[in-house]
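Enquirer: below is the structure, and that's it, no one-letter string:
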């Protein structure tokens, strides 16, 4: 198990120990919390959702173990409700303004683009400062100009370069999150390179091309192309269409699984704090199996297996994460607490930007 | 009273100390195993609500905390001294089969009702409230707006990368 991931350099952590993360959440237990969360949210017309969120996160944090200690989520539901109402209000105002004065709507939309980096910083700060391990909080401090360059500038650059700059964007985004995070007074460092992200992107493109070629050959082999060429208006026959759809879904899932796995392994295995290094050893094949079986389970159960899916996915991720620690993790020191209001986080949540563990 | 095993974290460092805690009359907590014994009245403590079987946090006035795995004992003590929070009611909902089934029924009926009646009713109301000319114009307008804004490659890739970035943040936080 040790040193499965090639990116990790464990030399300077010699004499230390490998501490695995463990996850003790149970699908049956979580199902009850989940279904009560949903029903109470319905009965209270959404107000309970703030409590639901806190209970869900407390459940996942409290079941995450690292060296005999668990994580804890501290956000207050009322704080979240307040932020959520502000976000909702802003959304209503935007919709109304946009309906009455389209030009003002455009101005608001542009302003929103400039608010995104601020929202991202706020969301990370809120989440970090409300997360603790061994009674020490995490922290996050980001610079607005830097966030603007990373979260707005680089995506635009990616578009202009037809995607060529996208790995640079992935790299800087990961770096921004990691290096601005801290545990107590210990800040995190990030040692991955943009080149490593390019390598992953290249492999993903390779898989895509291989899959497309394979499907094409398969379809050609079935003799579908001649009919398509001679009678372009005729829809492709049933079995062939099915083959293309199923093959496409499989190929897409495989690429997604590869990207998620490789990027998560690359990022985590390059995060350090005070001489302690993380290591992530997820495997693409198992991730693909997880994705496909999760999708089937959710569809066949009409959504009732969502808690089971969340628990097993989290378990797999955490069981493949370990900390190469130089000591007993006793040496971290607290910093002075700063209060963060939840406006940023919840405003970002309205636009589907939740941030998990 | 029962002696419980707990982990003590002082809040200034990440060091873990194993301690034993004991609740005793007339409603105080005794922590032993540290350099000196600590005693606090329950009224000075903040105890986290129960969620599943995750460890409970007992926060001391100094900012230190005790992490206690034994949920049932903590619950019975809070009840005995009348210090249960209203959130203990939520745990009751989340642990009794009857309430869980009730929650399931409420959810299934609500979702079914929404799909069965809510969506068609809303659609019909919107459709009825619009004159035919508006309806047609709206259709054309909406399509061209969608074409311009959402189906343009720029927005598509912007939205795409934006969504991806959020999804990824989820995973590396």
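Expert: Done, it's in. Quantities reported herein were computed from a predicted structural model and do not represent experimental measurements.
Enquirer: which strands and helices sit next to the helix or strand containing residue B:104?
Expert: Element membership for residue B:104 (DSSP states H and E) is helix B:97-113. When contacts are defined as 3 or more Cβ pairs under 8 Å, 6 or more residues apart in numbering or on different chains; DSSP states H and E, helix B:97-113 packs onto helix A:27-43, helix B:87-95. Just so you know, the C-beta spots here come from the backbone N, C-alpha and C atoms, and that holds for glycine as well.
Enquirer: do you know which of those lies nearest residue A:308?
Expert: Checking the helices and strands packed on helix B:97-113 against residue A:308 by Cβ to Cβ gives helix A:27-43 as the closest, at 4.1 Å.
Enquirer: near chain B at all, that closest one?
Expert: Yes - for helix A:27-43, a contact with chain B is found by Cβ under 8 Å from any Cβ of the partner chain, at A:29, A:30, A:31, A:32, A:33, A:35, A:36, A:38, A:39, A:40, A:42, A:43.
Enquirer: closest to residue A:90 among the residues you listed?
Expert: Nearest to residue A:90 among those, with distances taken as Cβ to Cβ, is residue A:42, at 24.1 Å.
Enquirer: hmm, residue B:108 and the closest one touching each other?
Expert: No - the criterion here is Cβ atoms under 8 Å, and residue A:42 misses it with residue B:108 at 10.7 Å.
Enquirer: what's the burial count for residue A:184?
Expert: Around residue A:184 there are 23 other residues, counting by other Cβ atoms under 10 Å in any protein chain shown.
Enquirer: can you pull the contacts of it?
Expert: Contact analysis of residue A:184 by Cβ atoms under 8 Å, 6 or more residues apart in numbering or on different chains lists A:136, A:137, A:139, A:332, A:333, A:334, A:335, B:14.
Enquirer: three-state assignment of the third one?
Expert: Recorded secondary structure, residue A:139: strand (DSSP: H, G, I helix; E, B strand; the rest coil).
Enquirer: what about the closest residue in space to it that isn't next to it in sequence, which SS state?
Expert: The shortest distance from residue A:139 to any non-neighbouring residue, by Cβ to Cβ, 6 or more residues apart in numbering or on different chains, is to residue A:182 (4.4 Å). The three-state label given to residue A:182 by three-state DSSP is strand.
Enquirer: against residue A:332, how distant is the residue of the stretch 51-200 of chain A found nearest chain B?
Expert: Closest to chain B within the stretch 51-200 of chain A is residue A:62: 2.6 Å, counting by Cβ to the nearest Cβ. Separation of residue A:62 from residue A:332 (Cβ to Cβ, to the nearest Å): 20 Å.
Enquirer: do stretch B:28-42 and chain A come into contact?
Expert: No - using Cβ under 8 Å from any Cβ, we find that stretch B:28-42 stays clear of chain A, coming within 14.1 Å at best.
Enquirer: closest residue of chain B to chain A?
Expert: Closest point on chain B to chain A, by Cβ to the nearest Cβ, is residue B:54, at 2.6 Å.
Enquirer: A helix includes that residue, no?
Expert: No - Residue B:54 is assigned coil when assessed by three-state DSSP, not a helix.
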